[in-house]
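S.K.: Coordinates for the following, if possible.
(chains A, B, C, D and E)
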Amino acid sequence: MARGFRIRTNKVGLPPGTVVHVGEERTGPVRITVIDYDQDHLREFCPTSLDMLAEFRSSPTVTWIKVVGVHTPEVIEEIGRSFEIHPLVLEDIVHTDQRPKMEDYDDRVFIVLRLLSRVEGEGGRGEIRSEQLSLIVGRGLLISFQETDMDVFEPARDRIRKSKGKIRRLGADYLAYSLIDAVVDSYFLILEEVGEELEVLEEELLGGPTPEAAQEIHRLKRDMIFLRRSIWPLREVISRLSRGESEIFTEPTEIYLRDVYDHTVQAIEAIETFREVLSGMLEIYLSSISNRMNEVMKVLTIIATIFIPLTFVAGIYGMNFDYMPELRWQWGYPAVLLFMLISGVIMLLYFRRRRWI
Amino acid sequence: MARGFRIRTNKVGLPPGTVVHVGEERTGPVRITVIDYDQDHLREFCPTSLDMLAEFRSSPTVTWIKVVGVHTPEVIEEIGRSFEIHPLVLEDIVHTDQRPKMEDYDDRVFIVLRLLSRVEGEGGRGEIRSEQLSLIVGRGLLISFQETDMDVFEPARDRIRKSKGKIRRLGADYLAYSLIDAVVDSYFLILEEVGEELEVLEEELLGGPTPEAAQEIHRLKRDMIFLRRSIWPLREVISRLSRGESEIFTEPTEIYLRDVYDHTVQAIEAIETFREVLSGMLEIYLSSISNRMNEVMKVLTIIATIFIPLTFVAGIYGMNFDYMPELRWQWGYPAVLLFMLISGVIMLLYFRRRRWI
Amino acid sequence: MARGFRIRTNKVGLPPGTVVHVGEERTGPVRITVIDYDQDHLREFCPTSLDMLAEFRSSPTVTWIKVVGVHTPEVIEEIGRSFEIHPLVLEDIVHTDQRPKMEDYDDRVFIVLRLLSRVEGEGGRGEIRSEQLSLIVGRGLLISFQETDMDVFEPARDRIRKSKGKIRRLGADYLAYSLIDAVVDSYFLILEEVGEELEVLEEELLGGPTPEAAQEIHRLKRDMIFLRRSIWPLREVISRLSRGESEIFTEPTEIYLRDVYDHTVQAIEAIETFREVLSGMLEIYLSSISNRMNEVMKVLTIIATIFIPLTFVAGIYGMNFDYMPELRWQWGYPAVLLFMLISGVIMLLYFRRRRWI
Amino acid sequence: MARGFRIRTNKVGLPPGTVVHVGEERTGPVRITVIDYDQDHLREFCPTSLDMLAEFRSSPTVTWIKVVGVHTPEVIEEIGRSFEIHPLVLEDIVHTDQRPKMEDYDDRVFIVLRLLSRVEGEGGRGEIRSEQLSLIVGRGLLISFQETDMDVFEPARDRIRKSKGKIRRLGADYLAYSLIDAVVDSYFLILEEVGEELEVLEEELLGGPTPEAAQEIHRLKRDMIFLRRSIWPLREVISRLSRGESEIFTEPTEIYLRDVYDHTVQAIEAIETFREVLSGMLEIYLSSISNRMNEVMKVLTIIATIFIPLTFVAGIYGMNFDYMPELRWQWGYPAVLLFMLISGVIMLLYFRRRRWI
Amino acid sequence: MARGFRIRTNKVGLPPGTVVHVGEERTGPVRITVIDYDQDHLREFCPTSLDMLAEFRSSPTVTWIKVVGVHTPEVIEEIGRSFEIHPLVLEDIVHTDQRPKMEDYDDRVFIVLRLLSRVEGEGGRGEIRSEQLSLIVGRGLLISFQETDMDVFEPARDRIRKSKGKIRRLGADYLAYSLIDAVVDSYFLILEEVGEELEVLEEELLGGPTPEAAQEIHRLKRDMIFLRRSIWPLREVISRLSRGESEIFTEPTEIYLRDVYDHTVQAIEAIETFREVLSGMLEIYLSSISNRMNEVMKVLTIIATIFIPLTFVAGIYGMNFDYMPELRWQWGYPAVLLFMLISGVIMLLYFRRRRWI
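M.R.: Sure thing, here's the model as predicted:
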């Protein structure tokens, strides 16, 4: 399956800003969690109604509204209305095929990232899953939208709860950084797995070229195309954030963003390296096949070249002509056998000189 | 057929600004539709004479003059005169091989796009058709020229009629955006179809390399070259529009243009990904062929290497020498058969050790 | 022949600014034509002596001095002296291997272009010829130098004579534009021919891979390298002219230059597309050869694998041992025939299961 | 093993700025050496406690604190506290998979380089080892962190001890330059070794394509990918330092940095050249295999084409039909032999004409 | 031999600015020639002692000190002291593996170029030799350092002696230009030779693919890598000089530098074109081999497919069963012959239909 390469288009023809879910079909209710904190207080709850969110629109604390599931447009639209989010942003949140990007709306920044995970696919082979993470960052406000409950943010949430690190002292921008950092870190988990598979594959290739290895190489090559497409644009996004393009992101956070920028570059470089390594493996595979074919051909040629002429000679003396004087000679048979033996040896010497044996 | 790669040159030698139709030959009358609207009023009609257009030159309402068919130079020239369009623009409108571009004439913007569609070609295979869409956007005025009546604009026209969305409140620049958005959305329909064909093709390739699959890969590769050529320059066009390079396009529209810019980038990325996937498929195809050839060679070599020497032995005892003592031995025949059997088994063991079997 | 890839060096060691003809050897006299015009008057003549040119150095009319043949350095030097042309410019005019370029000497612009034509080469195959066109453009003055009398400028000259278009109203810069436009238009004639050959070649390839087709592909690929090298730098030249880098080129002409810039980009894109199509064709060619080899190998293997063992069996019963009981059995012969038949059928079934048949 | 391509991730989930060693596991104590000097004095010792370092924080002399071993976070954190190093910097020092980079913290510059060495790997083949060198450069202060005690800095230390060159007269920035210069020089040692291996490999390839040569080519190709990844970003780092981006690096040192910049570019170019040479070798290898296969096929075809038809003829006259008049003819046998001889010669002539022999 | 790809490192560990000769080992004395001239006077001599050079340090005339041989560090250091040359410059002069570069030291410009020549190598094949030319250009002073006495500067020296051209009227910067121009012109001599070899090679390839042609292609490809590496950076050097980056180079000379810049670009383009042509040739070579293999396989398959089954039939009737009724039939033999003939013809027709014959 051209996994990840499907283009989805059920939005065609609708007016811009229409909030229609586009992407993998999902079901189940939308789950919303709110974490509201400052240095001293912490409150965490699941709102029973969307109206409960309104109070956090301009509270002095930092509020993280985590929305899991974007397949119910009504909920997204309701949140959009509560927090005055631009319709195009809402459209992008539910249209889950976005590439990473960042849009600056003065008092809000809209950031799209790809959440990637590697799951056991058919035949035990790892398969990369991708979903969209949308962040709306304002002063003291962070709304995150994700498709499923991937738990990459658990450590960040833990740090908030335990008041560990700087996270409780700094604002929503630092929280946004923490989430982005967690996402980028999760890419390395995937890359580590791929790196291990590459090592296994390399061992396999040394044992000889199997069609399965070729398929595995192609599968990983495609995975790399997919990963690169998902991560490459993120570099630009984080670079822009770390250069202070938005006023939401304050200077103390920018230093941290430069750090996560470095990690993103490292991830991209690892992908590029894997791509080159895979190309090299394919070359090894193809040249192994050529080598092997060459060897097979040599065996065939040696056998055929030695025995076909000898069989011809035997055929000659198998003819039934009345007058074949050699057949009557007493030493005819041994002479022919000797001749055949000598021919065979000469052939073998010839092949040895040509280095075929 | 090198479809889409034909260069057409019947214009050579004419003075610049000469309005001569260059492109696929088309017949039939030029059809003009006028939609004139503001927030409160809407008027839609097909003008019976070109003179009727003059009144819209400076009306306060938004006027969309939709011209279908550019193969009649007289009509285009007449419209050009009515609205004071630069001769080079008129020339570009009828010379339908233009690449997407944008030209700023202070109070007018001239935009060229490619309208793409995928039609059933010979043998049931999809074939990409391309025609030119030229837009002249002024304050309260939009003139669109297209070659055939492709209906990608129907939803936009519907929104105008039903006063849905912002389209009735905003000016001609928003209308222009709506059309560009509709065009870019239509690209995704094509990409979706291509994506589905890729999946089918991939399934096919797993079953073994057929020459038809190779041809299909090459056909799709060429389609990608063609699509890229048609869409790539559009990126630059929309980028320039969204950066406010022209005064015609107002700030509220620019946000929307940035959105359609994102879509264009997404389309280009999908094309690039498809290209990489197709290259990967070709590699799979070629390595499958090598594999298969290898396998065929192995079968041939095993059979030949076992039986050619044995046939030689049989040939020996088929010779008619008078003095061949073995022929007279009572156990000669079974001994030879046994020898043959052992030789054959040794050969098989050798092939097994070489992992050919 | 590595046509167009010859490097010519008979200038090495001479001081800079030496006017020595370097390039294809040509003979025959240098032919000079003068066209002098303004909106009302037109004068066209072939000067009998170079002194006659001096008067046009600062006449208020537009003067086009067309020099055909640059292989006589004396004439070029004489013209250079009359019009005070920099020695390095004169050197470039006679050294006819220049790449397109533009040099701004305040009151003069020196432009070099390549005039390309496709002539019937050996074996009926089109061959691209290239010569150098040098333009010196001043206020009211255009001197053009070309190697042979290619007639791409005839339509422009006709427009001057018949006072058609803007050409008589505007200055020498518009005239220069007209010539450049004519040159760029002539490129499309070549590209059209190449496009047609590509279509023919593609049809041929569908019928099976012939070595001639491979050679034709390689020939066209090389032609594309050559064309690209000749046209690519022109893009930059025209871009700089159209951006008003020289004061000689006035604003009204710049709009027209932007148009010819578009055409140049289009030509370059066509070349790039042709290159990609040709690469695709080569891939098709190579994979067809692989396919065909595969097919040949299969036929050989099927025949050999069926008959070599059977022949061995026949060889067994052709042996002349005294004690071969089977030979005496009454049903021995039909039994062997039946055994052979069954073996053959089993083989065929095996091949069918492997999808070789 | 995909050496150097392992991604290590035991840091995932920790808060940013956590000092946890990530990289190859190492043991043994952390060794610290201090060299404190100005033009007149020199003091060199191994501090018994980390508290002894504090006094050098603002001494007027130049102090080089050389830390060997970064796998004990406590030591690194202690040093970090003593010299007020940013937590993110400390994290980068112990996370030893960093790519070369430079970070400017006003009164400090943080520089990361890769220390490369080529050690004897399994099978006597050279293997590239990479470790991280982190430099913190302040006014009169240089702290270097490395993983193992590679002795590339010995000459620099010697120059300090013997007061040779400018090193004693200039500040910590010149010392930093000296270390970077030593690192870049050490790259050339590796490149020299690789260059020599390339020569040996080339000789080998001339003798015929062996699978070992192919594997060696692929191994070296991968080494080049690894080297490039380690050195390429250094170019940017040194370029930024030499352009005076940091105030720590004074103008006299900048001239020297430009020199080491040139060396880095030279190293990168050598790598690129090696890559191209290796690609060329692979092409030679593959075309040699094709050639050889071609030759093998020719021998097989010549032998088979000559003897298979002759064997058929012999088979005809080996048939046991009662009525085969030729068998009774007195000259039948010599006639058949002659016919076979002539057929064989004709075949040979045919092959000669086709240039197969 | 990986000619030109050797990395030399005997400098590692020495302090920067140490003047130690690195490069091909050379012997013989260092030869120094001085040419001192202004518009009216000319003096040319070989100084017997280095002290004689001191007087030219600030003479109003133009002085060209030509140093041949840089393998004696003492001489270079002495000259360095006399003319106050920066130690890093002296180091670069004797370290003869520099890539082309330009360094501006306010009142001096240091320029490095590669002097290339093509000498008869082993087996009559041209081999490219490279040495380093270092120029130190000051006001009225030019010191040139080269490794051997390649005579590319003879024409320039002649022009000085004969007071031909502008050379005597202009300063040291024009002299420097003249030398650079001579060097760049000499590149074209090499490119011309390579171009001729390409033509010969192309003729050869048409006659069929020989392993020698493949080796020649690879050799030339490598030569192109080497040439590009030597010339490519020169483009940047001359561009910077011609843009007036150094005050030493006056405006009149800049026009000439722009000319030599054009030549450098032309040389680079020729190299790129040669590279593409060589890649095309390799493709032709490989597809020829495939073609030829295909043809060989077809011959084998046709012969084997026709005769193996026939031999089987002959084998059947060569069996010695007692009861084989056909053998007794009077028309048995002719019937079998007829059957064989018909089978053969059917096979041939089958091959014809498959277009194998």
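S.K.: Centre of the chain to stretch A:251-266, how far?
M.R.: Its chain's average C-alpha position is 23 Å from that of stretch A:251-266, according to C-alpha atoms, centre = their mean, to the nearest Å.
S.K.: tell me which element the residue of chain A found nearest chain B falls in.
M.R.: Using C-beta to the nearest C-beta, the single residue of chain A nearest to chain B is residue A:314, 3.2 Å away. C-betas here are computed from N, CA, C, even on glycine. Using DSSP states H and E, residue A:314 sits within helix A:251-316.
S.K.: And for residue A:33?
M.R.: Counting by DSSP H and E, residue A:33 is found in strand A:31-37.
S.K.: which of the residues in that strand are buried?
M.R.: A:32-37 (16 or more other C-beta atoms under 10 Å in any protein chain shown).
S.K.: that older thread, which strands or helices does the helix or strand just after the helix holding residue A:314 pack on?
M.R.: Downstream of helix A:251-316, the next assigned helix or strand under DSSP H and E is helix A:325-328. Of the remaining helices and strands, none touches helix A:325-328 by 3 or more C-beta pairs under 8 Å, 6 or more residues apart in numbering or on different chains; DSSP states H and E.
S.K.: Buried residues, helix A:325-328. List them.
M.R.: Across helix A:325-328, burial judged by 16+ other C-beta under 10 Å covers A:326-327.
S.K.: Go ahead and name everything in contact with that helix.
M.R.: A:317, A:332, A:336, B:319-322 (C-beta atoms under 8 Å, 6 or more residues apart in numbering or on different chains).
S.K.: what about burial for those, which qualify?
M.R.: By neighbour count, with 16+ other C-beta under 10 Å, those hold A:317, A:332, A:336, B:319-321 as buried.
S.K.: coming back round to it: give me the contact status of the strand holding residue A:33 with chain D.
M.R.: No. Taking C-beta under 8 Å from any C-beta of the partner chain as the criterion, strand A:31-37 and chain D are apart, separated by no less than 15.4 Å.
S.K.: Where does pLDDT dip in the stretch 51-200 of chain A?
M.R.: Along the stretch 51-200 of chain A, segments meeting pLDDT under 70 span A:122-124.
S.K.: Helices of that one, residue ranges please.
M.R.: With DSSP state H, counting those that start in this stretch as the criterion, the stretch 51-200 of chain A has helices at A:73-82, A:87-94, A:154-161, A:172-206.
S.K.: Just the angle for the third one relative to strand A:31-37, thanks.
M.R.: Right, the one you point to is helix A:154-161. Orientation check (axes from the mean of the first three to the mean of the last three C-alpha atoms, to 10 degrees): helix A:154-161 against strand A:31-37 gives 40 degrees.
S.K.: again, but for the second one
M.R.: Using the same axes, to 10 degrees, the inter-axis angle of helix A:87-94 relative to strand A:31-37 is 110 degrees.
S.K.: Could you export helix A:87-94 as PDB, CA atoms only?
M.R.: The C-alpha trace of helix A:87-94 is given here as PDB (Å, rounded to 0.1, in the frame of the first residue of the first chain):
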ATOM      1  CA  PRO A  87     -11.800  29.800  10.400                       C
ATOM      2  CA  LEU A  88      -8.800  28.900   8.200                       C
ATOM      3  CA  VAL A  89      -7.000  27.700  11.300                       C
ATOM      4  CA  LEU A  90     -10.000  25.500  12.300                       C
ATOM      5  CA  GLU A  91     -10.100  24.100   8.800                       C
ATOM      6  CA  ASP A  92      -6.400  23.200   9.000                       C
ATOM      7  CA  ILE A  93      -6.900  21.500  12.400                       C
ATOM      8  CA  VAL A  94      -9.500  19.100  11.000                       C
END
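S.K.: what about it, distance to the chain center?
M.R.: How far helix A:87-94 lies from its chain's middle: 26 Å, per C-alpha atoms, centre = their mean.
S.K.: Likewise for the first one?
M.R.: Between the mean C-alpha point of helix A:73-82 and the mean C-alpha point of its chain there is a distance of 32 Å (C-alpha atoms, centre = their mean).
S.K.: Can you give me the buried ones in that helix?
M.R.: Neighbour-count burial for helix A:73-82, counted by 16+ other C-beta under 10 Å, picks out A:73, A:75-76, A:79-80, A:82.
S.K.: try the last one
M.R.: Of the residues in helix A:172-206, those scored as buried under the neighbour-count criterion (16+ other C-beta under 10 Å) are A:172-192, A:194-195, A:197-198, A:201-202, A:205.
S.K.: Any residue of it touching chain B?
M.R.: No. Residues of helix A:172-206 contacting chain B under C-beta under 8 Å from any C-beta: none, with a closest distance of 12.9 Å.
S.K.: And the helix or strand just after that helix, what does it pack against?
M.R.: Moving toward the C-terminus from helix A:172-206, the next helix or strand (DSSP H and E) is helix A:211-242. Taking 3+ C-beta pairs under 8 Å, 6+ apart as contact, the helices and strands that helix A:211-242 lies on are strand A:101-105, strand A:108-120, strand A:126-138, helix A:172-206, helix A:251-316, helix B:251-316.
S.K.: ok, residue A:97 - how many residues close by?
M.R.: For residue A:97, the count of nearby residues is 19 (other C-beta atoms under 10 Å in any protein chain shown).
S.K.: ok, now how distant is it from chain C?
M.R.: 28 Å (C-beta to the nearest C-beta, to the nearest Å).
S.K.: Phi and psi next, for that residue.
M.R.: Recorded main-chain torsions at residue A:97 are phi -110, psi 20, according to degrees, to the nearest 10.
S.K.: Would you confirm that it contacts residue A:21?
M.R.: No. Applying C-beta atoms under 8 Å, one finds residue A:97 not in contact with residue A:21, separated by 11.0 Å.
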